[in-house]
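[1] quick one, structure for this:
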Amino acid sequence: MSLTLDLAEQLIACPSVTPEDAQCLTLIAARLTALGFICERMDHGPDNAKVSNLWAIRRSALPGAKTLVLAGHTDVVPTGPLNQWSSDPFTPTHRDGKLFGRGASDMKTSLAAMVVAAEEFFQSQSLADFSLAFLLTSDEEGPSVDGTVKVVEALKARGEILHWCIVGEPTSVHQLGDMVKNGRRGTLSGKLTVQGLQGHIAYPQLARNPIHLLAPALAELTAVEWDKGNAYFQPTGWQVSNIHAGTGANNVIPGQVVVDFNFRFSTESTAEALMQRLEDILKKHHLQYTLKWTLGGLPFITTPGDLLQVVQQSILKHTGLRTELSTTGGTSDARFIAQICRQVIEFGPRNDSIHQINEFVRLSDIDGLKNIYLGILNRLQQLSHSAAVE
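    Down below sits the predicted model:
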């Protein structure tokens, strides 16, 4: 059996529904410790919902050596109805050339591929010219407040310098290696409460309907061009996700309406500017409102440089594909790491079954992914060695 497949199956067998780690990090830390990594648990959060975090690093003896971080998460989303699965979600199962199980593609195969790639790399390189680290958490699929963000804060306080980072999110679409994420949009959410005056629906002159009051502002907000985007990002978008109003009775004008909305924004806009523009529109319509903002993450971009170069070269060698760079999709923990690391990309297996019933990864992609990761390590070793010689 493939070593990567074997480890992926061991990880899938751990029922690590967020924020549970279910001993995944213990399993990984044992493998890394055997390679000479210094492993540090940086668990965080309340005792009844402790998030498991691991920072592991094998430092190069070379003065001034750069650091590559391999990052990811052990937690998975809930299974959904068990009777809709063709096999137990935490029993790794092979069918039709695929490995089925919760987390198979998001992202336990990536973690297995990263660990085995590191093992094979250090079998051939007793002394690396760059430091290699792992940053892993069990809080990516959840609220993401006690996981990677806390490790990043601790590393920043220590003065730890990170140069390159690969997050193992499933980014491939049609074939392994056809897409790499070299950035992500920012996410800014708001909860808007517009006040009216509750009353009988037959006497509207005695009430103020907050839905009616909000409607013109809502129409204007949907028509705003927030920015035009740029070469890396599509234009900033604003979307309403929920509207709540009413008592449940059909003869009562509600006293307030609550609107949940979200910006996905490019580097052409700032969170502060978007907040101000939206509130200016609300004020123009003379609404009585309260507004609570939540900044989920800032946008980031990794422009072509040495990390993207070696990633693209390794993908090309092992798949024959010239990978597409993209900033589409949702958010990931890369948004936190980008605050202390200039070059951050996401790359992993195909994402066509993530979060679904009967999640799977193709068996042919498992060692293919490991070989690409190993190729990246080998190329960074060549790059670092050349820089040291110069």
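[2] flag the shaky bits of this structure, pLDDT-wise.
    Within the chain, the stretches with pLDDT under 70 are 388-390.
[3] at 90 what do you get?
    By pLDDT under 90, the low-scoring segments of the chain are 1, 47-49, 125-127, 329-331, 385-390.
[4] so where do the helices sit in it?
    Across the chain, reading from the start of the chain, the helices by DSSP state H fall at 3-12, 24-33, 109-124, 148-158, 210-223, 271-284, 306-319, 334-337, 363-389.
[5] ok, and what's touching the fifth one?
    What that stands for is helix 210-223. Defining contact as Cβ atoms under 8 Å, 6 or more residues apart in numbering, one finds that helix 210-223 is touched by 194-196, 238, 240, 245, 254-257, 259, 278, 281-282, 284-285, 287. C-betas here are computed from N, CA, C, even on glycine.
[6] among the helices of the chain, which comes closest to residue 64?
    helix 363-389 (8.3 Å; Cβ to Cβ).
[7] kindly calculate the angle that that closest one makes with helix 3-12.
    110 degrees (axes from the mean of the first three to the mean of the last three Cα atoms, to 10 degrees).
[8] tell me who's in contact with the most centrally placed residue in the chain.
    The chain has residue 332 as the residue nearest its centroid, 1.3 Å off, counting by Cα atoms, centre = their mean. Applying Cβ under 8 Å, 6+ apart, we find residue 332 in contact with 140, 167, 169, 181, 184, 346.
[9] quick check: bridge partners of the residue lying closest to the fourth one once chain neighbours are set aside?
    By that I understand residue 181. For residue 181, the nearest residue in space outside its immediate sequence neighbours is residue 346; the separation is 3.9 Å by Cβ to Cβ, 6 or more residues apart in numbering. Beta-bridge partners of residue 346, counted by DSSP bridges, are residue 167, residue 181.
[10] residues contacting residue 346?
    Residue 346 is in contact with 166, 167, 168, 169, 171, 180, 181, 184, 332, 334, counting by Cβ under 8 Å, 6+ apart.
[11] ok, so what distance separates it from residue 48?
    Using Cβ to Cβ, to the nearest Å, we find residue 346 at a distance of 31 Å from residue 48.
[12] and residue 31, by the same measure?
    When Cβ to Cβ is the yardstick, residue 31 and residue 48 sit 29 Å from each other.
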